[in-house]
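In: Predicted model follows, preceded by the sequence.
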Amino acid sequence: MRFGVHTGLQNTSIAELQSLWRRIEAHGFEWISIWDHFYSADATGNPHGLEAVASHAALAATTETVRCGSLVYSVGYRHPAVIANAMATLDQIANGRITLGLGGGWMANEYEVYGMPFPSAGVRLRQVNEAIQCVRGLLTEQYTNFDGEFFTMHDAQCEPKPVQERLPIWIGGGGEKVTLRIAAHHADGWNVPFIAPDAFAHKVGVLHEHCDAAGRDPATIERAINVGIAMRDGDLEAQFGAMANYVSPGVLQGGVQEIVDRVGAYRDAGADWLILAMRAPFDLDGLDMFATEVLPHLS
């Protein structure tokens, strides 16, 4: 199992994030990611949130060794060509360390206030299915042609290409009928947040079924779980606000051995990556404790 940190962009600044990113990298984590929201992802309507692509660029420029991921860009905010060209350039900044996460979006309020369409989940997932194919083509092929329900490309080009020969694309979400099928057909990785180990194990099994149907080896798809960490009373509520109860099944709590055991349960459930999901106010003590007291038991 490998370890990373997902850093929320609400109620913070680039300067604070840069300090946090350096701290994470110094601890030896292998992954840092950002999210894609215009409003804070805490269901409060708070508009204080840094823009994702610019923050992703800052992450790439600030760090040296970690993979620089996104969990996840919403295809409802940007055309696949915009995403592909941004990632190709970001991969130059990161010298080949970018991982692109894609999803269909979920927080209706931020679409509505900006007048952006927010169709049904089924429509959004069909958009994701098309977008990942368009982005893959643009990042790997000289010319991309695609005629879909939502996106059309004719001899489209994205130059220069990323530094990586195949920039990894992950799909985010836990939907078993569609999201996991898209991952099985098109993705290099799959990420789901805040579910318990038994629920994660079940979804891994569903992913394997979709891989079997697609004729794909499931070992070629990286599987990642996002979990919170709350070391003190009130930490969970301070970080997640109104969503505290919703995310609690996927939050690490208790003493060191309890956390080691919980992480081990995710590993046994099939997780290749465990990613700590942190948002301001950032729990630096919890981060340091995990790095110095938990990780040595898991290496």
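Out: Yep, it's here.
In: how far out from the middle of the chain is the lowest-mean-pLDDT helix or strand in the chain?
Out: The least trusted helix or strand in the chain, going by mean pLDDT, DSSP states H and E, turns out to be helix 235-240, with a mean of 82. The chain centre lies 20 Å from the centre of helix 235-240; the measure is Cα atoms, centre = their mean, to the nearest Å.
In: hmm, who's touching it?
Out: The set of residues external to helix 235-240 that reach it, using Cβ atoms under 8 Å, 6 or more residues apart in numbering, is 42, 228-230, 244, 246-248, 251, 253, 278-281, 283, 286. For glycine as for every other residue, the C-beta is placed from the backbone atoms N, C-alpha and C.
In: hmm, try it at 10 Å
Out: 8, 41-43, 194, 228-230, 232, 243-248, 251, 253, 277-283, 285-286 (Cβ atoms under 10 Å, 6 or more residues apart in numbering).
In: List the buried residues of the helix or strand just after that helix.
Out: Using DSSP states H and E, the helix or strand that directly follows helix 235-240 along the chain is helix 244-247. Under the neighbour-count criterion of 16 or more other Cβ atoms under 10 Å, helix 244-247 has A244, V247 buried.
In: Now helix 244-247: average pLDDT?
Out: What helix 244-247 shows for mean pLDDT is 88.
In: continuing past it, what's the next helix or strand?
Out: For helix 244-247, the succeeding helix or strand toward the C-terminus, using DSSP H and E, is strand 251-253.
In: hmm, back to that, buried ones among the contacts of helix 235-240?
Out: By 16+ other Cβ under 10 Å, those give 8, 41-42, 194, 228-230, 243-244, 247, 251, 253, 277-280, 282-283, 286 as buried.
In: Please narrow these to those residing in helices.
Out: Judged by DSSP state H, helices contain the following of the buried ones among the contacts of helix 235-240: A244, V247, G286.
In: correct me, but the second one touches G228?
Out: Yes. A contact is recorded between V247 and G228 when judged using Cβ atoms under 10 Å, the distance being 5.7 Å.
In: where do the contact lists of those two overlap?
Out: Residues touching both V247 and G228 (Cβ under 10 Å, 6+ apart): P193, F194, L236, Q239, F240, A277.
In: name the element L100 belongs to?
Out: Taking DSSP H and E as the criterion, L100 maps to strand 98-103.
In: Neighbouring strands of that strand in the sheet, and parallel or not?
Out: strand 67-70 (parallel), strand 73-74 (parallel), strand 169-172 (parallel) (DSSP bridges).
In: Include mean pLDDT and mean neighbour count when you put those into TSV, please.
Out: Listed next are the strands paired with strand 98-103 as TSV, based on pLDDT from 0 to 100; neighbours: other Cβ atoms under 10 Å:
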stretch	mean pLDDT	mean neighbour count
strand 67-70	98	24
strand 73-74	98	26
strand 169-172	98	26
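In: Nearest to V263 among the ones you listed would be which one?
Out: Comparing the strands paired with strand 98-103 by their distance to V263 (Cβ to Cβ), the top pick is strand 67-70, with 19.2 Å.
In: what separates that closest one from the chain centre, distance-wise?
Out: 8 Å.
In: With stretch 124-144 instead?
Out: 18 Å.
In: Count residues in the vicinity of G270, would you?
Out: Under the neighbour criterion other Cβ atoms under 10 Å, G270 is assigned a count of 18.
In: Same question for the one 5 residues further on.
Out: Here the neighbour count serves as a burial measure; for I275 (other Cβ under 10 Å) it reads 24.
In: residues touching the closest residue to H27 other than its chain neighbours, list them.
Out: Sequence neighbours aside, A291 is the residue nearest to H27 in space, at 3.8 Å (criterion: Cβ to Cβ, 6 or more residues apart in numbering). Counting by Cβ under 10 Å, 6+ apart, A291 makes contact with F3, V5, R23, I24, A26, H27, G28, F29, L276.
In: which among these gets closest to A52?
Out: Lowest distance from A52 to these (Cβ to Cβ) belongs to V5, with 16.2 Å.
In: Need the three-state assignment for that closest one.
Out: strand (DSSP: H, G, I helix; E, B strand; the rest coil).
In: Quickly list what it is bridged to.
Out: Counting by DSSP bridges, V5 forms beta bridges with I32, L276.
In: That one reaches G28, doesn't it?
Out: No. Using Cβ under 10 Å as the test, V5 is too far from G28 to be in contact (11.2 Å).
In: Need the residues touching each of the two.
Out: In terms of Cβ under 10 Å, 6+ apart, V5 and G28 are both contacted by the residues V66, A291.
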